[in-house]
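Asker: give the three-dimensional model of this entry:
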Amino acid sequence: MLLLVAHIALAVARPVSRVARVPTVVRMATVAPPAATSVAAPPAVDMAVCPETAWGRTLDIAEAQRRVREAPRAQFPLEVQVAAAVGAAAGDAEAELAYFREHAAELRAAMLKNGAVLLRGFALTKTPEGFQQMYQALGLVPCLDPLHSVAARPMVSKGKRRLRGGQQRESQKLFIGMHNEFVGKRAPRSAAFVCFKPAEEGGEFLLGDGRQILAQLNPQLVKALYERQIRYSVDFDVELVWREQGYDGVRMLQARAPVQPPVVEHPVTGEPTWFCNVHSHSSALRKQREALYGAERFESGASQINKSDMYYGDGAELSAAELAELDKVTMDNVQFIKMSHGDVVLLDNYVTMHGRNVFEGTRKHAVTWFQSDVASVGLRRALATAAHRPPLPPLPQPLPPWLTTAPGAQLGFSAQPGAPAGRPQPPPG
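Answerer: Below is the predicted model:
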């Protein structure tokens with residue numbers, strides 16, 4: 001085995017295969033022109049790149065975990081049923097669009113407070129055009145997929161700013177671990193996931209509240225991870241012209257991301273949250289899932305071009321017990337959301353982790369990433385107040401009426417929770 005090691009600002013999500021370890025001696029090599037089977041470069045898209053990841057200030061991690069443990073918890077995810085939202089006008093796309101326009105501020109406040117909002121039964125969002133109208137009515141501005149530079153997810157509509165999300169038949173057995181969407185220096189602030197066709201079996205969209213995960217993790221483990229930080233590695237298969245012989249024929253380029261903290265303060269609310277992709281990136285956890293569901297051979301997408309693992313910032317591996325703790329607490333807080341045609345999940349990317357269960361049949365979902373969930377400093381302060389987060393500078397008086405109303409009273413929010421948390425089960429057969 002022969003690896004080249006590159007320390008670059010990169011961390012790619014949703015891996016599938018074993019990652020080779022880094023040798024102590026690295027031979028020199030030059031990169032040959034790409035072979036005919038190389039992944040094609042993504043098309044140019046007239047969208048802004050996602051904002052830089054808001055890593056924030058250094059925290060007193062024990063105090064941060066105490067704060068999040070003592071904070072009141074909101075319903076997660078918050079569910080909005082079309083009948084409760086627009087009444088007899090359910091099914092009328094114009095009436096539904098008017099609802100999103102009129103309640104944009106409240107829905108965006110709910111994304112901050114609750115972490116995710118599940119829209120159920122809206123006719124408007126059953127079409128790509130209506131889906132775009134919905135997020136435009138909310139004032140959300142799209143940004144490029146963080147993985148666009150490696151063509152890991154195909155864009156199904158440049159004009160509609162939609163990317164295909166986990167629907168390939170070749171990925172049916174891939175359980176996508178829980179993660180926030182970020183690649184090195186870039187992270188979207190929020191996202192909208194839409195279902196255009198649910199899988200025949202399985203394929204649930206998975207949601208996890210990073211605040212609740214942080215609150216329940218062992219304090220000693222959180223302290224160790226935060227103080228030593230974490231580092232992701234990604235292995236790329238490449239065509240190389242070697243200057244030395246005598247290796248075993250396996251050629252690999254390994255990219256290692258800079259060290260990162262696993263806990264950050266939310267860039268708007270200041271609330272501590274678990275912002276860490278160990279659950280999806282760990283080679284050991286991935287192998288456990290492959291043993292349960294079976295491994296797949298990937299010929300397209302992110303998994304064709306990268307294989308990842310994670311370490312402490314100093315390069316040491318997490319122990320089996322530490323990974324088991326991370327896996328258990330994460331999965332204990334996962335909500336399995338069975339989405340129907342037209343259902344949408346709006347989520348705050350810093351608060352809410354997402355993933356996907358294995359499935360059978362055909363699954364057609366799409367996602368659009370957004371630059372920010374706030375349009376101005378004034379709205380930022382209003383939303384933080386509405387979400388009951390640590391105080392920001394005082395708001396001008398009087399406050400908007402929706403800030404003084406009981407949460408959800410004007411939105412038609414349902415009291416129904418998401419599917420119960422628990423470990424995934426493979427589809428029948």
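
Asker: please give the element, helix or strand, for Glu106.
Answerer: Element membership for Glu106, per DSSP states H and E: helix 104-114.

Asker: could you list the alpha-carbon positions for that helix in PDB?
Answerer: Taking Å, rounded to 0.1, in the frame of the first residue of the first chain, the C-alpha atoms of helix 104-114 are listed here in PDB:
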ATOM      1  CA  ALA A 104     -42.300  33.400   6.600                       C
ATOM      2  CA  ALA A 105     -40.900  35.000   9.700                       C
ATOM      3  CA  GLU A 106     -42.700  32.600  12.000                       C
ATOM      4  CA  LEU A 107     -41.500  29.500  10.100                       C
ATOM      5  CA  ARG A 108     -37.900  30.700  10.100                       C
ATOM      6  CA  ALA A 109     -38.100  31.400  13.800                       C
ATOM      7  CA  ALA A 110     -39.400  27.800  14.200                       C
ATOM      8  CA  MET A 111     -36.400  26.500  12.300                       C
ATOM      9  CA  LEU A 112     -34.200  28.200  14.900                       C
ATOM     10  CA  LYS A 113     -36.200  27.200  18.000                       C
ATOM     11  CA  ASN A 114     -37.200  23.700  17.000                       C
END
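
Asker: okay, and for this protein, where does confidence drop off?
Answerer: 1-46, 147-171, 183-184, 234-257, 295-306, 373-429 (pLDDT under 70).

Asker: strands of the stretch 251-400 of the chain, residue ranges please.
Answerer: Along the stretch 251-400 of the chain, counting by DSSP state E, counting those that start in this stretch, strands occupy 251-256, 263-265, 272-274, 307-312, 334-337, 344-348, 352-356, 359-360, 364-370.

Asker: which other helices and strands contact the helix holding Glu106?
Answerer: Counting contacts by 3 or more Cβ pairs under 8 Å, 6 or more residues apart in numbering; DSSP states H and E, helix 104-114 packs against strand 78-81, strand 116-120, strand 344-348, helix 377-386. The way it works is simple: take the backbone N, C-alpha and C, and place the C-beta from them, glycine included.

Asker: run a quick neighbour tally on Glu200.
Answerer: Neighbour count for Glu200, taken as other Cβ atoms under 10 Å: 12.

Asker: and what of Gly315?
Answerer: For Gly315, using other Cβ under 10 Å, the count is 11.

Asker: also Arg356?
Answerer: By other Cβ under 10 Å, 25 other residues sit near Arg356.

Asker: for it, give its distance to Asp209.
Answerer: The gap separating Arg356 from Asp209 is 17 Å, by Cβ to Cβ, to the nearest Å.

Asker: what do you get for Phe175?
Answerer: Distance, Phe175 to Asp209, using Cβ to Cβ: 19 Å.

Asker: verify the stated contact: Phe359 with Lys197.
Answerer: No - judged on Cβ atoms under 8 Å, Phe359 makes no contact with Lys197 at a distance of 11.2 Å.

Asker: between the two, which one's more packed in?
Answerer: Neighbours were counted for Phe359 and for Lys197 using other Cβ under 10 Å; Phe359 has more, 24 against 15.
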